[in-house]
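> The sequence isn't on hand, but the structure is:
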């Protein structure tokens, strides 16, 4: 009998322990659950912003005025800037130089122009220095011919770039 009474006593003691433990009211459990859930979501958002995932950009290329090309760069996948361009203006007539400087301020297009003397280009011969006197007409004719040839060289240099830009939908 000792065993059965001891079993009964154990059961009554365990049921008393269960009944003696107080259960939390349902609203408190719900509030604690919401607080824990909000803490987890806030932590996830913080970590997501602190450690952004790698961003992959499309493999498109943009052709720059100088003929080189640039690709897109993260994080916004914008095209990288084109390499800087330069213009040699010391071999160009003042009128043409002024027009190029004005066109250089247009931010939509900057064109590299290198006006170099090329073989095969017939340049007007410079008046010989042996002549002591030149008429104003001779000087004007010579300068007009130089301006015309410089303009042809510039147009020849710029034409392929303009065609590429027009093909890309950029017009001046």
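Nice, thanks for sending it over. Only a predicted model underlies this, so the values are computations on that prediction, with no experimental measurement involved.
> Remind me what the strand of greatest length in the chain packs against, helices and strands.
In the chain, with assignment by DSSP state E, the single longest strand is strand 69-73. With contacts defined as 3 or more CB pairs under 8 Å, 6 or more residues apart in numbering; DSSP states H and E, strand 69-73 has these neighbours: strand 61-63, strand 78-79. For glycine as for every other residue, the C-beta is placed from the backbone atoms N, C-alpha and C.
> wait, which of the ones you listed is closest to residue 24?
Among these, strand 78-79 comes nearest to residue 24, with 54.5 Å by CB to CB.
> So which elements touch the closest one?
strand 69-73.
> So what touches the strand it packs on?
For strand 69-73, the surrounding residues in contact (CB atoms under 8 Å, 6 or more residues apart in numbering) are 57-64, 78-82.
> Weed out the non-buried ones from those residues.
Judged by neighbour count, with 16 or more other CB atoms under 10 Å as the criterion, the buried members of those are 64, 82.
> Any chance of the contacts of strand 69-73 in a markdown table with distance to residue 31 as columns?
Compiled in a markdown table, the contacts of strand 69-73 are given as follows (distance: CB to CB, whole Å):
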| residue | distance to residue 31 |
| --- | --- |
| 57 | 45 |
| 58 | 48 |
| 59 | 52 |
| 60 | 52 |
| 61 | 56 |
| 62 | 56 |
| 63 | 61 |
| 64 | 61 |
| 78 | 47 |
| 79 | 52 |
| 80 | 52 |
| 81 | 54 |
| 82 | 59 |
